[in-house]
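# Show me the folded form of this:
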Amino acid sequence: MKTPNPAPRDAVEREGDLPSVSALRAFVMAAQFRSFSRAADELDITQSGISRAVRSIEDMAGTQLFERTGHGLVLTEPGSIYYDEITSILSELGAATLRLSTYAEVADQLTIATLPSLGGRWLAPRIGRFIAQNPAIEVSITAQIGHFDFEGSSIDAAIHYGNEVWAGCLSEMLMDEVLVPFCAPALLRGTVPQARLLLDLPLIQHLHRPTAWREWFREVGIEHPNPTRGMRFEQYQMGIEAAKTGLGAILMPPFMVSEEIRNGQLVALHNLPVASPWRYYLVYPKAKRSKPAVQKFRSWIRAEARRSLQQTAQMIG
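Below is the predicted model of the structure:
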């Protein structure tokens, strides 16, 4: 015997221990118009349907939502409180649904935050390869100094320098930072590049890393009388330009000056990199880990970081 099809789901049926969305909308419309009949007209259902929807909520809660007066319906005190809460929830539900409906469009956009020097000297020259592989993704790169703020921003991921601790985010190590001293060839005066030449050269300092030279000399076993003395720059870019013009030696991660190494503007004075305590990380909010553009960028930049380290190691090896 053929089993009959189930009856259509009634608008007032509960969703587990909750009233249905249609019942909640019926309640909200009745409260706004202070009339079951006007609410029914607005929602294009019968007046008895509005009445059943409201009654289903009252039965579930054991609380009366409306009182009838000569001027129409009036919310009870619990009904008024419930109305305020439900209208807020329905508004959020609508906003969430709108965000979901536009997800496909947003999924093709990618905003990356990075430090200015890293973005300009390392990421920007390479990002063309990512775009060529992913032409449908619209890429934006923003430069920021300090802690990147994902909350309330359009940033999908950041290339972070420091440690991997980042609340509410996932962190993946891209590269260790290693430091090598460089100078312009003119400062060698025809001699073979070697670390001890640094004892006679001005040392270009990084404003935010005042002990970098001291730590480097300690690691390589050279005693320098005054490793913290020298011209100071806040940005790597400015220090690199100063080093290229012969103002002194600079301590840098090799990948940041790969172009200068390649064209002979800077030479390494020591070919054994010294590791710093910091690393470079790709950081992104947990909520965006499944975003297709983020996952594609993640795979690409990890491979790019490996390639970059191999290339610079060959240059100074």
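# Return the distance of the closest residue in space to residue 199 that isn't next to it in sequence relative to residue 21.
In this structure, residue 199 finds its nearest non-sequential neighbour in residue 224, 6.3 Å apart by CB to CB, 6 or more residues apart in numbering. Backbone N, C-alpha and C define where each C-beta goes, glycine included. As judged by CB to CB, to the nearest Å, residue 224 and residue 21 stand 72 Å apart.
# still on that earlier bit, I figured the residue nearest to residue 199 hits residue 197, correct?
No: applying CB atoms under 8 Å, one finds residue 224 not in contact with residue 197, separated by 11.7 Å.
# Ramachandran coordinates for residue 204?
phi -80, psi 120 (degrees, to the nearest 10).
# That one and residue 246 touch, don't they?
No: if you go by CB under 8 Å, residue 204 and residue 246 don't touch, sitting 10.9 Å apart.
# Counting neighbours around each, name which of those two comes out higher.
Taking neighbours as other CB atoms under 10 Å, residue 204 and residue 246 compare with residue 204 leading, 24 against 13.
# and the more buried one, what are its bridge partners?
residue 250 (DSSP bridges).
# residues contacting it?
230, 231, 232, 233, 239, 242, 243, 247, 248, 249, 250, 251 (CB atoms under 8 Å, 6 or more residues apart in numbering).
# likewise residue 228?
205, 210, 211, 213, 214.
# In helices, which of those fall?
Among those, the members found in helices (DSSP state H) are 213, 214.
# If you rank the contacts of residue 228 by neighbours, which is first?
Of those, with other CB under 10 Å as the count, residue 213 tops at 25 neighbours.
# Now that residue: closest residue in space that isn't a chain neighbour?
Nearest to residue 213 is residue 227, by CB to CB, 6+ apart, at 4.2 Å.
# now swap in residue 60 and tell me
Per CB to CB, 6+ apart, closest to residue 60 is residue 19, 6.2 Å.
# And residue 24, by the same measure?
residue 86 (5.5 Å).
# List the backbone torsions phi and psi for that neighbour.
phi -70, psi -40.
# Name all residues that make contact with the residue positioned nearest the centre of the chain.
A centroid search over the chain (CA atoms, centre = their mean) returns residue 157, at 3.0 Å, as the residue closest to the centre. Taking CB under 8 Å, 6+ apart, we find residue 157 in contact with 110, 112, 113, 282, 283, 284, 288, 294, 297, 298.
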